[in-house]
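sequence unavailable; structure follows:
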């Protein structure tokens, strides 16, 4: 095991207590590890300094974003192999990263590994975080001010960039694929599957001519455009992103629907002009936070007419034996969705019911999100040079890593996504839904 790669492989296996399933290539061009496996490339010694000063996931994330480490070979395979090594799992509950063992210097072998890593890393100066890392937010968690900062960090990175990734539909949530149309290789395009998702939501909500729809977290306006054009509703879409709002308003004007759709830069807590016949919340509730979720559910309930329907489309995590141990993923929190929080679907359903809703249907569609994410990754990779030009190399690397890792998480049932249909059922008990609701004809 000559060279830096051999030393790194030996160190990693000592710390992790398991064989390394990927090859390592170091800055001195040495390689070590199983032949034919994806290669984890350490481009410089700075990658090691990042791991020394921030052991675990955050150090790895910073090294990836900065380009200090890379993967040569299939990214999905590499992530899948490393996920089982870095994260121990006990049933459904993830434990702390094994790489965090570097913090536990009581064990002699860990102290020895740390000294060896120091000798490889060079000058012991902590590297500055990449520019793309979210800075400390101001204000209380999930306050109006802090939520605006968090949303801006993720969404205000350029509409042109999102066009490359999302494609013409400009829908940033799980598409809906028919069994004979699964991508890749199916008969449907991503745009077909996104249109099918929007139409499914409209049918679940029972939308019709002249009704009033509120879309909470409207993104670039795709849901309100589809609902107004295909179902004749009048719609209000709200977002905290100025860039999204500008883009959505232009799309609506170009479609000749400005008299039927209003886009506002507004928080859901600031809406005062209910009631609405229906509310859609598609991929927005992950930003609400568990301490605010009861308030979110209660406010949406109050904004609906009696008999009105809510469609809540939300990513869910697996439940933990002790929910108080839940911590937001460091990479996601610093680089992707600051302050985002996931909850088990059972908790979401319970809080909607506690707010007064009658929950009528829960549809789990996690496999659909894996297919969607793989399409987005393919779009990004096909337009890589332009994506880098429009944002930065670090930003493009963030999106590639988080979307690929998320696809695997959906495929492995580490996270899911669910459409919850709930009704503000009136005192009469008449829900307005057909006896066999899954036909979505009522």
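Okay, I see it. If you're wondering where the values come from, they're calculated on a predicted model, not measured in any experiment.

CA only for contacts and neighbour counts going forward, please
Fine.

how distant is stretch 401-413 from the center of its chain?
Taking the mean C-alpha point of stretch 401-413 and that of its whole chain, the gap between them comes to 9 Å (Cα atoms, centre = their mean, to the nearest Å).

hmm, I typed the wrong one, I wanted stretch 242-261.
Put simply, stretch 242-261 sits 25 Å off its chain's centre (Cα atoms, centre = their mean).

can you list the buried residues in it?
When burial is assessed from 16 or more other Cα atoms under 10 Å, stretch 242-261 yields the following buried residues: 242-246, 248-249, 251-252, 257-258, 260-261.

name the residues that touch it?
Applying Cα atoms under 8 Å, 6 or more residues apart in numbering, the set of residues contacting stretch 242-261 from outside is 155-156, 158-159, 219-222, 224-225, 228-229, 233-237, 239, 262-265.

and what of stretch 131-144?
For stretch 131-144, with Cα under 8 Å, 6+ apart as the criterion, the contacting residues are 65, 145-147, 149-150, 153, 267, 288-289, 292, 333-335, 338-339, 394-395.

secondary structure element for the nearest residue to residue 364 once chain neighbours are set aside?
Once its chain neighbours are removed from consideration, residue 364 has its nearest residue in residue 418; the separation is 4.5 Å (Cα to Cα, 6 or more residues apart in numbering). Using DSSP states H and E, the element containing residue 418 is strand 415-423.

so what are the sheet partners of that strand and their directions?
Sheet partners assigned to strand 415-423 using DSSP bridges are listed as strand 304-317 (antiparallel), strand 358-364 (antiparallel).

TSV please, covering these and showing mean neighbour count, distance to residue 386 and mean pLDDT.
Supplementary listing: those in TSV, determined by neighbours: other Cα atoms under 10 Å; distance: least, Cα to Cα, whole Å; pLDDT from 0 to 100:
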stretch	mean neighbour count	distance to residue 386	mean pLDDT
strand 304-317	24	30	98
strand 358-364	16	35	97
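
can you lay out the ones you listed as CSV showing distance to residue 46?
Formatted as CSV, the entries for the strands paired with strand 415-423 read as follows, by distance: least, Cα to Cα, whole Å:
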stretch, distance to residue 46
strand 304-317, 34
strand 358-364, 43
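
and residue 166, which of those strands is closest to it?
strand 304-317 (18.1 Å; Cα to Cα).

okay, buried residues for the strand holding residue 418 please.
Quick answer for strand 415-423 (16+ other Cα under 10 Å): 415, 416, 417, 418, 419, 420, 421, 422, 423.

tell me who's in contact with the last one.
By Cα under 8 Å, 6+ apart, residue 423 lies in contact with 307, 308, 309, 310, 357, 358, 359, 360, 431.

would you list these in JSON lines and tack on distance to residue 410?
Converted to JSON lines, the contacts of residue 423 look like this (distance: Cα to Cα, whole Å):
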{"residue": "307", "distance to residue 410": "34"}
{"residue": "308", "distance to residue 410": "31"}
{"residue": "309", "distance to residue 410": "27"}
{"residue": "310", "distance to residue 410": "24"}
{"residue": "357", "distance to residue 410": "28"}
{"residue": "358", "distance to residue 410": "28"}
{"residue": "359", "distance to residue 410": "24"}
{"residue": "360", "distance to residue 410": "24"}
{"residue": "431", "distance to residue 410": "33"}
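
where do the helices sit along the stretch 301-442 of the chain?
For the stretch 301-442 of the chain, applying DSSP state H, counting those that start in this stretch gives helices covering 330-331, 345-354, 366-382, 384-390, 393-411.

and the residue lying closest to residue 232 once chain neighbours are set aside, what element?
Counting by Cα to Cα, 6+ apart, residue 232 lies nearest to residue 209, which is 4.4 Å off, once chain neighbours are set aside. Assigned by DSSP H and E, residue 209 belongs to neither a helix nor a strand.
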